[in-house]
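> Return atomic coordinates for the entry below.
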Amino acid sequence: MAGSANAAAKSEMIDLTNLSPDQLMQIKQEFEQEMTNIQDSLSTLHSCKAKYAGSKDALEAFQPDWENRQILVPLTSSMYVPGRIKDLNNFVIDIGTGYYIEKDLQGSKDYFKRRVEYVQEQIEKIEKIHLQKTRFLNSVIGVLEMKQAAALKMIQQQQQQQQGKQSA
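Numbers count the residues shown, from 1 in each chain. Presented below is the predicted three-dimensional model:
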């Protein structure tokens, strides 16, 4: 099945030099939009990774003597209330879309470690796609510039021929 998919992909390869400048411009614009979307995705993943890594680092900093220690508990991103640590081995973790899980200290550390690793894998996959699309986009731009230069040269030759005819 995968072999036939690869064969189909190879049979769909397009010789960029056979496309018109308008078609090349359309492909260029589509790929530039895709590249913007990929960059946005990468940015989101990097933010996510930083959030998970920050949570993991906060858990790594926990000390056994912090029981009953006073802390500030965030109610919003800019509002806090004082609180105290009551249980050093019971954490509630937001796993997304309104769901939470309870884990002990080691389980919480492991959870965030796995999340950081998973997000990093996704970043690497998307970066490979980004690199492939960048190479293709550069090829499209190269062919487009070549065609535009050829068209400009043809126009200049026609103008020179017309000037030669007018002089004669």
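
> now residue 148, nearest residue through space, not along the chain?
residue 21 (6.5 Å; CB to CB, 6 or more residues apart in numbering). For every residue, glycine as well, the C-beta is placed using N, CA and C.

> Could you list the low-pLDDT ranges of this structure?
1-12, 167-168 (pLDDT under 70).

> top helix in it by residue count?
The longest helix of the chain (DSSP state H) is helix 105-167.

> For it, name the packing helices and strands.
helix 21-61, strand 91-96 (3 or more CB pairs under 8 Å, 6 or more residues apart in numbering; DSSP states H and E).

> tell me the angle of that helix relative to strand 91-96?
Interaxial angle of helix 105-167 relative to strand 91-96 (axes from the mean of the first three to the mean of the last three CA atoms, to 10 degrees): 30 degrees.

> Once you drop chain neighbours, what's closest to the most centrally placed residue in the chain?
Nearest to the mean C-alpha position of the chain, by CA atoms, centre = their mean, lies residue 42 at 2.4 Å. Spatially, and ignoring its direct neighbours in sequence, residue 42 is nearest to residue 126 (5.8 Å; CB to CB, 6+ apart).

> Residue 109 now?
residue 59 (5.0 Å).

> List the residues that contact the one you found.
91, 105, 108, 109, 112 (CB atoms under 8 Å, 6 or more residues apart in numbering).

> And the closest residue to the first one other than its chain neighbours, how close does it get to residue 38?
Right, residue 91. Of all residues not flanking residue 91 in the chain, residue 108 sits nearest, at 4.4 Å (CB to CB, 6+ apart). Distance of residue 108 to residue 38, computed by CB to CB, to the nearest Å: 32 Å.

> Likewise for residue 75?
Counting by CB to CB, the gap from residue 75 to residue 38 is 36 Å.

> out of those two, which sits in the more crowded spot?
Remark: of residue 75 and residue 38, residue 38 carries more neighbours, 16 against 9, as counted by other CB atoms under 10 Å.

> So the more buried one is in contact with residue 133, correct?
Yes. Residue 38 lies in contact with residue 133 (CB atoms under 8 Å); the separation is 6.9 Å.

> circling back: correct me, but the residue nearest to the centre of the chain touches residue 125?
No. Counting by CB under 8 Å, residue 42 stays clear of residue 125, with 10.6 Å between them.

> now residue 100: how far from residue 145?
Counting by CB to CB - residue 100 and residue 145 are separated by 54 Å.

> Any idea how many residues pack against the closest residue to residue 141 other than its chain neighbours?
For residue 141, the nearest residue in space outside its immediate sequence neighbours is residue 28; the separation is 6.3 Å by CB to CB, 6+ apart. Using other CB under 10 Å, residue 28 has 15 neighbouring residues.
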